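Enquirer: What shape does this take:
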Amino acid sequence: MIEVISAPENVAAFRVVGTVTAQDYDKVIPAIEEKLSEHEEIGVLADLTDLEDMTGDALRRDLQYGLSKLGEFHRFQRAAVVSEKQRIKAATEMTARFSRRSRRGCSRRTKRPKLGSG
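Expert: Predicted structure coming up:
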């Protein structure tokens, strides 16, 4: 399950609990699109601390949406991923290498990155 959580108005923030399904993206994608319609540049925060699994259909939906945004990638100024899982941290670090934008992974024990303006 993915829930939209409170964040500055130019940040799309989500908390993931349990298993993510393709239907979860019916909530996530419109939330991101709404932020993009209101702001030229946005940040994204994903708290994956309680993520247990992701279905194949969810992964496909995530990749499809991500690929559809390649032409707008410059609008995603910052991203932060919170997780204790090493595989999530590794994926975040790998993604950061392909981007000139700020991408950061952290655990709940570390200070969360500021994603607001500036």
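Enquirer: Would you mind measuring from the most centrally placed residue in the chain to residue 73?
Expert: By C-alpha atoms, centre = their mean, the chain has its centre lying nearest to residue 46, at 4.4 Å. Look at residue 46 and residue 73: by C-beta to C-beta, to the nearest Å, they are 16 Å apart. C-beta here means a position set from N, CA and C on the backbone, and glycine is covered the same way.
Enquirer: cool, and residue 25?
Expert: Taking C-beta to C-beta, one finds residue 25 at 18 Å from residue 73.
Enquirer: buried set for the helix or strand harbouring the residue nearest to the centre of the chain?
Expert: Element membership of residue 46, judged by DSSP states H and E, is strand 42-54. By neighbour count on 16 or more other C-beta atoms under 10 Å, the buried set for strand 42-54 is 42-49, 51, 54.
Enquirer: likewise stretch 57-69?
Expert: 58, 61-62.
Enquirer: What sits closest to residue 42 if chain neighbours are left out?
Expert: residue 35 (4.6 Å; C-beta to C-beta, 6 or more residues apart in numbering).
Enquirer: can you give me the strands in this structure?
Expert: Secondary structure of the chain by DSSP state E: the strands cover 2-4, 11-20, 42-54, 76-82, 102-106.
Enquirer: can I get those strands in TSV with distance to residue 91 and mean pLDDT?
Expert: Listed next are the strands of the chain as TSV, based on distance: least, C-beta to C-beta, whole Å; pLDDT from 0 to 100:
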stretch	distance to residue 91	mean pLDDT
strand 2-4	17	96
strand 11-20	14	97
strand 42-54	10	96
strand 76-82	8	91
strand 102-106	8	50
